[in-house]
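J.: sharing a sequence plus its predicted fold:
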Amino acid sequence: MNLLRTVAAAFSMYSAIPMPQFAWDEKTTRYLLCAFPLVGGVVGGAVWGWLWFCGRFQIGRVLLAAAATTIPVLITGGIHLDGFCDTVDALASHAPTEQKLQILKDAHLGAFALIGCCLYLLLTFGLWSEFPVSSRACGMIGIGFVASRALSGLSVVTFQCAKTSGLAAGFADAAQKGRCAGFLLTIFWLCAYGMLWIQFQIGMACLLVLVAIFLFYQRTSYRQFGGITGDLAGWFLQLAEFGMLFAVIFAGRMVGWR
């Protein structure tokens with residue numbers, strides 16, 4: 001029962017999929033981040049299903065790209081894209097750390113957030129329009145949705161938090177950090193193995209991009225904000241998904257899906 005409550009809480013928090021409502025207590029939240037990659041599995045499965053459908057029925061590239069860009073946002077309810085927008089706004093302000101943190105909390109949408117969101121979605125649409133619709137490419141990108149969430153959850157339980165309050169700090173305090181970190185790291189390594197098994201060179205390119213973005217996320221968070229927040233974790237997730245999509249397309253063109 002506790003496992004089901006934890007999974008339901010993770011989907012309630014990180015997706016727009018209707019879930020049974022449970023009381024949020026210590027037993028529910030201590031392993032909530034361990035269930036976070038499951039949300040990525042659902043997103044990846046939905047995107048894989050759409051790509052399969054497009055290949056099976058010869059759907060045009062414009063519709064393929066538009067829906068593939070939209071599906072993750074619809075399933076997650078835009079929670080990570082919201083964090084991306086807030087972070088873009090804060091970084092563009094070039095303000096002191098405390099003011100940047102206040103911008104992250106501000107519910108209003110700034111001009112830089114709107115510009116950043118539009119550019120992100122436009123470029124993502126462009127990448128999806130170039131995506132090679134094959135079973136191995138679809139499998140690679142589907143696993144990527146799980147791997148990125150494993151690293152995002154790992155950052156919450158291992159990185160320094162910028163504040164003592166907020167979503168990331170609350171989950172970090174409630175989590176069984178050692179066990180959650182070990183579990184999420186195991187999930188990531190399983191994802192890495194799956195990517196390398198599908199196609200070693202392209203899988204390696206995806207992993208290198210993902211790890212580089214993860215390190216960039218840590219450095220930027222520490223230097224610009226004094227630690228991570230929930231918004232920054234969402235920002236990382238969007239960058240990671242974009243980076244892996246880029247790697248699958250261009251590494252695939254360089255080495256081929258042999």
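T.: In hand now; what should we look at? Residues are numbered from 1 along each chain as shown.

J.: what residues does residue 97 make contact with?
T.: Counting by CB atoms under 8 Å, 6 or more residues apart in numbering, residue 97 touches 224-226. (Glycine included, C-beta is placed from N, CA and C.)

J.: so for stretch 46-58, what gets flagged as buried?
T.: Using 16 or more other CB atoms under 10 Å as the burial criterion, the residues of stretch 46-58 that qualify are 46-48, 50-51, 54.

J.: just the C-alpha atoms of it, please, in CSV.
T.: The C-alpha trace of stretch 46-58 is given here as CSV (Å, rounded to 0.1, in the frame of the first residue of the first chain):
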residue,chain,number,x,y,z
ALA,A,46,3.7,7.8,-25.0
VAL,A,47,6.2,9.5,-27.3
TRP,A,48,7.4,6.1,-28.5
GLY,A,49,3.8,5.1,-29.3
TRP,A,50,3.2,8.3,-31.2
LEU,A,51,6.4,7.8,-33.3
TRP,A,52,5.4,4.2,-34.0
PHE,A,53,2.0,5.4,-35.1
CYS,A,54,3.6,8.0,-37.4
GLY,A,55,5.9,5.4,-39.0
ARG,A,56,3.1,2.9,-39.3
PHE,A,57,0.7,5.2,-41.0
GLN,A,58,3.2,7.6,-42.7
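
J.: average pLDDT for it, rounded please.
T.: What stretch 46-58 shows for mean pLDDT is 94.

J.: over to stretch 183-197?
T.: 96.

J.: quick one, what contacts residue 7?
T.: So residue 7 contacts 35, 38 (CB under 8 Å, 6+ apart).
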